[in-house]
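1. can't give you the sequence, but here's the structure:
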């Protein structure tokens, strides 16, 4: 235990006495983690946007005015029985008109046609949510059964497929380019750690020689270098966690308003802080320890 | 205490530092190993604390055959042998006390033991009042005393001093040798590697002369005989 305490002391001394090297290593560690967290943020946002769009995609089935409640219930029961359907909401004629107007708010010709008709041409309606955007075509076909065709005035599907495909692609691209960027910074980290350790070994060469001379075991000589990297990983992770959480907290309100989706960047990072920053600390430590081990094998003769 | 049996040490491609060296040192002896520069005496000293390994032959320290000593056992050996060098090998950023304590720290000694032993050893070498000084604040003789204190701190059975007076003036050299003699009188075996004629002649102890890697004389109360 006391030997471990001395190794900790030697590690901290080394960080302090080689402050500039420690600072450079810390900076590059922190930059790598910042990149990883920015990628996480972008990925989370893209996924949330994707979910938000997917949730908004619905099929509306408008009945002719005067359709019997039994027929409406029959169609509803049939649609609900389809495995591709998630939910079915029944709405009144007035609600159906309002929904139709909302859906076609940007289509002036449709709205003008509606005005020409005058009054409410719709009967009651069903609003159907599918499990996947790919299922809408099937659902639209499914309701065209002969016994229902006479009662259905119109089926309406807002085509978000393009938006969804683009968002999916965007999300994928963010992930891969983010990973590539993080890998690039990780590579720089490896090079910096390798050189830091090499320089630290050079700076400490007298101390190392004397340690050996007075009977220090190999691990007593090596352990402070390894522990130093764990300490630096810990400091870098803590600093980045602080910055990320503070930033998430301060932009949360603005972000919610800006993207108009029900996601909280603060909630995402704070609720998963232990997992996210714990995993980042572990990954950074393992990367650093492996690099230090290789550097010591090459440059530290004990 | 120390036994060299037909020890040779070759360095590739074609350098032979020691050639068939054999001798035996009894416990409590004071032996001077003398020779000119490049004669192989430092290589011989390095074999004693396993800094080098013999190419052929056998080296025994105490009852321990260290000829093929395993790496993990070297620290244990070095805690039983105190080593003193010409260039002191002190840590510039540690005080006198910390330099001596360092040897105990790496060996896992308790803080209580360090607090007890270090002042005792510094008193023995005459530096009890300079414990908080840094090496740069010491004279050459004082720095060498710190080095000897560090070598003594494990209470070793053997002290190997490799040219301990090489950087010191004549008076300070005499003081260091007197200190080594006092340590020897307490029962510690001392192996002094030197090429200082005056010191060897004044000691009137056993002298083992090495020339071109071979032991050319081994005299119980010898003198420096090389030209």
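-> Arrived safely, thanks for sending. Remember, predicted model here, so these are calculated numbers, not experimental data. Numbers count the residues shown, from 1 in each chain, chains lettered A, B, ... in the order given.

2. all contacts plus neighbour counts: C-alpha atoms, from now on.
-> Noted.

3. pLDDT weak spots in chain B?
-> B:227 (pLDDT under 70).

4. so where does the residue sitting nearest the centre point of it fall, helix or strand?
-> Central residue of chain B (CA atoms, centre = their mean): residue B:160, 1.7 Å from the mean position. Residue B:160 belongs to strand B:158-162 when assigned by DSSP states H and E.

5. Is there contact, residue-wise, from that strand to chain A?
-> No. Strand B:158-162 is not in contact with chain A by CA under 8 Å from any CA of the partner chain; minimum separation 11.8 Å.

6. For residue B:11, name its beta-bridge partners.
-> As for beta bridges, residue B:11 partners with residue B:15 under DSSP bridges.

7. From chain A, how far off is it?
-> With distances taken as CA to the nearest CA, to the nearest Å, residue B:11 is found 19 Å from chain A.

8. Name the surrounding residues that touch stretch B:40-47.
-> When contacts are defined by CA atoms under 8 Å, 6 or more residues apart in numbering or on different chains, stretch B:40-47 is touched by residues B:17-18, B:33-35, B:52-54, B:59, B:160, B:162, B:193, B:210-213.

9. chain center to it: distance?
-> From the chain centre to the centre of stretch B:40-47 is a distance of 10 Å (CA atoms, centre = their mean, to the nearest Å).

10. Kindly report the same for stretch A:2-16.
-> Per CA atoms, centre = their mean, the centroid offset for stretch A:2-16 relative to its chain is 38 Å.

11. Assign a three-state SS to the residue of chain B found nearest chain A, would you?
-> Among residues of chain B, the one nearest chain A by CA to the nearest CA turns out to be residue B:75. It sits 3.9 Å away. Judged by DSSP: H, G, I helix; E, B strand; the rest coil, the three-state class of residue B:75 is helix.

12. residues in contact with it?
-> Applying CA under 8 Å, 6+ apart to residue B:75 gives the contacts A:212, A:214, A:215, A:216, A:217.

13. Excluding chain neighbours, what is closest to the second one?
-> In space, residue A:214 comes closest to residue B:103 once its chain neighbours are excluded; the distance is 5.3 Å by CA to CA, 6 or more residues apart in numbering or on different chains.

14. Helix, strand, or coil at the one you found?
-> Per three-state DSSP, the secondary structure class of residue B:103 is helix.

15. Now do the same contact list for residue B:166.
-> Counting by CA under 8 Å, 6+ apart, residue B:166 makes contact with residue B:86.

16. So which bits of chain B are right by chain A?
-> Close to chain A, as judged by CA under 8 Å from any CA, chain B has residues B:72, B:74-79, B:82-83, B:89-91, B:103, B:105-108, B:110, B:151.

17. And the helices in chain B?
-> B:41-48, B:74-78, B:96-106, B:111-124, B:140-152, B:170-185, B:197-203 (DSSP state H).

18. Looking at those helices, spot the one closest to residue A:81.
-> Among these, helix B:96-106 comes nearest to residue A:81, with 75.8 Å by CA to CA.

19. correct me, but the residue nearest to residue A:214 touches residue A:211?
-> Yes. Using CA atoms under 8 Å, residue B:103 is in contact with residue A:211, at 7.3 Å.

20. Which of the two has more residues huddled nearby?
-> Neighbour count, other CA atoms under 10 Å in any protein chain shown: between residue B:103 and residue A:211, residue B:103 has more, with 26 against 22.

21. and the helix or strand hosting residue A:257, what other elements does it pack with?
-> Per DSSP H and E: residue A:257 is located in helix A:218-259. Packing partners of helix A:218-259 (3 or more CA pairs under 8 Å, 6 or more residues apart in numbering or on different chains; DSSP states H and E): helix A:2-17, helix A:19-56, helix A:205-213, helix A:265-271, helix A:273-299.

22. nearest to chain B, of these?
-> When the helices and strands packed on helix A:218-259 are ranked by proximity to chain B (CA to the nearest CA), helix A:2-17 comes first, at 5.5 Å.

23. Could you tell me which ranges of the stretch 101-250 of chain A sit under the pLDDT cut-off?
-> Within the stretch 101-250 of chain A, the stretches falling below the threshold (pLDDT under 70) are A:133, A:158-164.

24. Spatially, what comes nearest to the residue in it positioned nearest to chain B if we skip its sequence neighbours?
-> Nearest to chain B in the stretch 101-250 of chain A, going by CA to the nearest CA, is residue A:215, at a distance of 3.9 Å. Nearest residue to residue A:215 in three dimensions, chain neighbours excluded: residue B:75, at 3.9 Å (CA to CA, 6+ apart).

25. returning to what we had before: these two touch, right, the residue of the stretch 101-250 of chain A closest to chain B and residue B:74?
-> Yes. Residue A:215 lies in contact with residue B:74 (CA under 8 Å); the separation is 7.3 Å.

26. Could you check which of the two is surrounded by more residues?
-> residue A:215 (24 against 20).

27. what's near enough to touch that one?
-> B:74, B:75, B:76, B:77, B:78, B:79, B:103, B:106, B:107.

28. again, only this time at 10 Å
-> Residue A:215 makes contact with B:73-82, B:103-104, B:106-107, B:154, according to CA atoms under 10 Å, 6 or more residues apart in numbering or on different chains.

29. List the residues that contact the residue positioned nearest the centre of chain A.
-> By CA atoms, centre = their mean, chain A has its centre lying nearest to residue A:44, at 2.5 Å. Applying CA under 10 Å, 6+ apart to residue A:44 gives the contacts A:38, A:50, A:171, A:175, A:263, A:264, A:265, A:268.

30. Need phi/psi at residue A:65.
-> For residue A:65, the backbone dihedrals (degrees, to the nearest 10) come out as phi -60, psi 140.

31. And for residue B:13?
-> In terms of degrees, to the nearest 10, the main-chain angles of residue B:13 are phi -90, psi -30.

32. And residue B:89, its phi and psi?
-> Residue B:89 adopts backbone torsions of phi 50, psi 60, taken as degrees, to the nearest 10.

33. ditto for residue A:87
-> Dihedral angles for residue A:87 - degrees, to the nearest 10 - are phi -140, psi 160.

34. what's the spacing between it and residue A:80?
-> 7 Å (CA to CA, to the nearest Å).

35. Give me the common contacts of the two.
-> Counting by CA under 10 Å, 6+ apart, the residues touching both residue A:87 and residue A:80 are residue A:128.

36. picking up where we left off before, just the buried ones from the contacts of stretch B:40-47, in PyMOL syntax?
-> Buried subset of these, written as a PyMOL selection, criterion 16 or more other CA atoms under 10 Å in any protein chain shown:
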select buried, chain B and resi 17+18+33+34+35+53+54+59+160+162+193+210+211+212+213
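
37. now, which of the contacts of stretch B:40-47 lie within strands?
-> B:17, B:18, B:33, B:34, B:59, B:160, B:162, B:193, B:210, B:211 (DSSP state E).

38. Domains in chain A, by residue range?
-> Per the record, chain A has its domains at A:2-52+A:163-299, A:58-159, by automatic domain parsing.

39. circling back: my read: the residue nearest to residue A:214 touches residue B:154, true?
-> Yes. Under the criterion of CA atoms under 10 Å, residue B:103 makes contact with residue B:154 at 7.8 Å.

40. what touches both of these two?
-> The contact sets of residue B:103 and residue B:154 overlap at A:214, A:215, B:79, B:109 (CA under 10 Å, 6+ apart).

41. Relative to residue B:219, which of the residues you listed is nearest.
-> For the shared contacts of residue B:103 and residue B:154, the nearest to residue B:219 is residue B:79 (29.6 Å; CA to CA).
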